[in-house]
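Asker: fold the following and give me the result.
(4 chains)
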Amino acid sequence: MKERLDEQAMALRVAREFKDGMIINLGFGIPTLAANFIPEDIEVIFHAENGCLGYGPMPRTVEEEDFHLVNATGTFATPRPGMCFFDHAESFSMIRGRHIDLCVLGGLQVSEKGDLANWATGVGRPGNIGGAMDLAFGAHHLIAVMTHTTKNNEPKVLKECTYPLTAPRCVNLIVTDISVIEVTPDGLLLKETAPGWTAADVQALTEPGLKISKDLKQMEL
Amino acid sequence: MKERLDEQAMALRVAREFKDGMIINLGFGIPTLAANFIPEDIEVIFHAENGCLGYGPMPRTVEEEDFHLVNATGTFATPRPGMCFFDHAESFSMIRGRHIDLCVLGGLQVSEKGDLANWATGVGRPGNIGGAMDLAFGAHHLIAVMTHTTKNNEPKVLKECTYPLTAPRCVNLIVTDISVIEVTPDGLLLKETAPGWTAADVQALTEPGLKISKDLKQMEL
Amino acid sequence: MINKVVAGFDEAVADIFNGAVIFMGGFGPANGTPSNLLRALAKQGAKNLTLIANTPGYGRSAPGAKAFRKTLPNYDDGGLLIQTGQVKKVICAFPGMNRPGMTAPLHEKWQTGELEVEMVPQGTLAERIRAAKAGIGAFFIPTGAGTVMEQGKEKRVIDGREHILEYPLKADFALVRAYRADRYGNLVYQGTSRNFNPVMAGAAKVTIVEVDELVELGSLSPEVIVTPGIYVDRIAVRENGKKGA
Amino acid sequence: MINKVVAGFDEAVADIFNGAVIFMGGFGPANGTPSNLLRALAKQGAKNLTLIANTPGYGRSAPGAKAFRKTLPNYDDGGLLIQTGQVKKVICAFPGMNRPGMTAPLHEKWQTGELEVEMVPQGTLAERIRAAKAGIGAFFIPTGAGTVMEQGKEKRVIDGREHILEYPLKADFALVRAYRADRYGNLVYQGTSRNFNPVMAGAAKVTIVEVDELVELGSLSPEVIVTPGIYVDRIAVRENGKKGA
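Answerer: The predicted structure is shown next:
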């Protein structure tokens, strides 16, 4: 079996999309890891739904842990010059008002139209919507990052999502453990494959048809 | 001709309505003067539409004038312990959200239903709505203070206002230079007359019929 | 004289009645949760409560159960009121995880049908609470259009985009956690413990605040006050100040 | 590196185009008005502007005319742009007084039909600007129902009270005046000079801020920043700092 990217590698690939000056919101899981791979020559500002812009990395010691400084995933963060705090209404004005340049969310399913499902499977549990729906509707640019298939090797990039939607037509870029796919008005465009994977390999694990980019390349990691 | 109250006396009568702990907004003109007559045993907090709660009296010297501390009538105020500043959206959330206990506005006309007209005569000028409409709709309790008649001795307490309304059915109490009138669901109730004025005198200068309070008394000044 | 300080937490929550709707500030197990007010309410016993919060919380862990997150000593959250059976309905954005070996009272009572759970996207939750405070009758937003969140809601296309109509979320009491207060009820917070607290303060009929410290009137700069006292009705001061949750 | 500071006021307003819609902060002749940005815009000459402000202002008094209020040296307001003929429409809550002997360009141009004036209640003005910033498509409020302000607006009874539907007020540029900024665009204000400035910052496509002082990143406490830098695009620093309007 071909080797898939691990979470760190996916996070690294996501971080390549960070540009100087961007306001970025990172969701739970792999997206949060992307903060460890900010290109050295740029400055970005992270937004936390719970009312913080410009927080720094996780503390390295227990002594640095401050219960008054956590990010939206509930984990401790550290102060950084230029940081500021605000309340939840203001925080989501930033999101709903389209002031967030880039949001990275985990995905359960993404459709060929860019619909995202990432908060509930629709059965057995109420699910946890959190701020995901607000972000999916509000962010200027949305990256969905996820394994390309389920544990049973079934596609998660689908013609139509079967789980409850987070938002319709919101995903701009899909980063998976085997590919990078752009959502375009004409459908899904395969732009990169993981080392050792061909376009055909990726297509075989993807429900809708993929257009292949003229500049198709191997993911640089 | 019988003597009418001057502006200071009207302001004094208005200030009798101030109760301990009230959040009060005072409009342009006579209402603003009422701040000089706060009963000594109570503490009230003044709200200024331009983003201040708890400001103090006008400065006594030019040196005390601070261009960063003006009230909503544009005149200088002074700092007071417990004061705070906020922006216009927050300031009018307080008003629209019914957090202001008492508002005192000047009036051009008041109807027997408690309609207030105080911002425009409807001809020749655009008028100045300012925050008056927001206050008339939002304040818990509204006092309109004005001379009882126009310069031509025509009634300003009318069956229907002829000028553009500030808000319908918003006035709770009318304080004039000859009377204090409560707006009740059954119509206007004359509660007090100025020294030397009878109920009949007041009625003669008032368009709608006045009910006379059982406890009708002379205004205490 | 204006003085909103009450004798203690028990006095602060004494009039919360059966069937009351309660806002609770805080964002998960970090600070910003009014733990002492919640304990007092558990003791007071009011029933059939509706709890509106971003994250109701996990309550007290059973012996040996693993906690979802690290918490401060003496931390309690809305999960406590679910465990005591005082809550009939939760309106929230994040019901919480439900993993093997974890204590998750919301999920347990939801599965047995003892608890109703209504999910609201986090920003919509904040804006609906703000609307109650700011006198907004209803508002159109894009968030949720074309998803299950639009069910039963009026839809309208504005500027070429689908919107849904949302109404204010109103409550009888807001339980708020702040850092410092003066006797007028002016409040400041600390870091991300601010979160929903300033939004809820003033949005309920009665706003009750748990603070670390009461300070002299005038000692909070008028430039840095986050919640103006106009939004606060009662202040209860923690005996241990900053220590503990 | 993020650095929103531009070379000067002329550079800050250089791309304001003919027909642009402009927010202007401030509340009457007191501080909080971006006088230097307005002077630069007068010099730049963009025409057919729509000016949205609480109080457009009185412009420069004719020699011998009495001023409505005391102002700081070098004070200029939106009235200057009305005097230069750059404004075709004003949307405001307070057009200003028009008394004999006073300079009142808004009234003069309104009477001759050269200027359109649209009146919006002050709180509705603030909330409509906030709606543009916060992504609210439209909102129902009681303010104005049963008055001339309801003309042409959708009405609806909510909770037994008449409401009218208001839409966001959008703009191309916001001209904002603050006290201190850092290079991220985080802003603090002074006293009542705050007023409409934080509401407008971020509500226009481009937000341009005039500040007294640029300070080192990190020197503004994260607890006291009023306008987060996310809402700011350009900062122009006054040479004379706090001196003058």
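Asker: quick check, stretch A:14-26 touching chain C?
Answerer: No. Stretch A:14-26 stays clear of chain C (CB under 8 Å from any CB of the partner chain), getting no nearer than 11.8 Å. Just so you know, the C-beta spots here come from the backbone N, C-alpha and C atoms, and that holds for glycine as well.
Asker: how about that stretch, does it reach chain D?
Answerer: Yes. Stretch A:14-26 reaches chain D (CB under 8 Å from any CB) through A:20, A:21, A:23.
Asker: tell me the one of the residues you listed nearest chain C?
Answerer: Proximity of those to chain C (CB to the nearest CB) peaks at residue A:23, which lies at 15.7 Å.
Asker: gap between the longest helix anywhere in chain C and the chain center?
Answerer: Counting residues, the longest helix found in chain C (DSSP state H) is helix C:122-134. Chain-centre distance of helix C:122-134: 12 Å, with CA atoms, centre = their mean, to the nearest Å.
Asker: got it, and stretch A:141-158?
Answerer: Between the centre of stretch A:141-158 and the centre of its host chain there is 11 Å, according to CA atoms, centre = their mean.
Asker: and stretch A:133-147, by the same measure?
Answerer: On the basis of CA atoms, centre = their mean, stretch A:133-147 sits 6 Å off its chain's mean C-alpha point.
Asker: hmm, back to that, got the angle between the longest helix of chain C and helix D:122-134?
Answerer: Angle of helix C:122-134 versus helix D:122-134, following axes from the mean of the first three to the mean of the last three CA atoms, to 10 degrees, is 180 degrees.
Asker: name the next helix or strand downstream of helix C:122-134, please.
Answerer: strand C:138-141 (DSSP states H and E).
Asker: report whether the helix or strand that that following strand is followed by contacts chain A.
Answerer: Sequence-wise, the next helix or strand downstream of strand C:138-141 (DSSP H and E) is strand C:155-158. No. Strand C:155-158 does not reach chain A (CB under 8 Å from any CB); its nearest approach is 13.2 Å.
Asker: list the helices and strands the longest helix of chain C packs on?
Answerer: Applying 3 or more CB pairs under 8 Å, 6 or more residues apart in numbering or on different chains; DSSP states H and E, we find helix C:122-134 packed against helix A:88-96, helix A:132-138, helix B:88-96, strand C:138-141, strand C:161-166, helix C:197-200.
Asker: can those go into a markdown table with extra columns for distance to residue C:81 and mean pLDDT?
Answerer: Written out in a markdown table, the entries for the helices and strands packed on helix C:122-134 read as follows (distance: least, CB to CB, whole Å; pLDDT from 0 to 100):
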| stretch | distance to residue C:81 | mean pLDDT |
| --- | --- | --- |
| helix A:88-96 | 21 | 98 |
| helix A:132-138 | 26 | 98 |
| helix B:88-96 | 29 | 98 |
| strand C:138-141 | 29 | 98 |
| strand C:161-166 | 26 | 98 |
| helix C:197-200 | 16 | 98 |
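Asker: can you add mean neighbour count and distance to chain D and give the ones you listed back as a markdown table?
Answerer: Listed next are the helices and strands packed on helix C:122-134 as a markdown table, based on neighbours: other CB atoms under 10 Å in any protein chain shown; distance: least, CB to the nearest CB, whole Å:
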| stretch | mean neighbour count | distance to chain D |
| --- | --- | --- |
| helix A:88-96 | 27 | 3 |
| helix A:132-138 | 29 | 6 |
| helix B:88-96 | 27 | 3 |
| strand C:138-141 | 25 | 4 |
| strand C:161-166 | 20 | 4 |
| helix C:197-200 | 31 | 12 |
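Asker: buried ones in the longest helix of chain C?
Answerer: For helix C:122-134, burial by neighbour count (16 or more other CB atoms under 10 Å in any protein chain shown) applies to C:122-134.
Asker: ok, stretch A:190-204 next?
Answerer: Buried, per 16+ other CB under 10 Å, within stretch A:190-204: A:190, A:191, A:192, A:193, A:194, A:197, A:201, A:202, A:203.
Asker: and for stretch A:182-189?
Answerer: A:182, A:183, A:188, A:189.
Asker: from the residues you listed, which is closest to chain D?
Answerer: Proximity of these to chain D (CB to the nearest CB) peaks at residue A:183, which lies at 21.8 Å.
Asker: what bridges to that closest one?
Answerer: Under DSSP bridges, the beta-bridge partners of residue A:183 are residue A:188.
Asker: tell me the residue furthest from the middle of chain A?
Answerer: Among residues of chain A, the one most distant from the C-alpha centroid is residue A:63; the distance is 30.3 Å, by CA atoms, centre = their mean.
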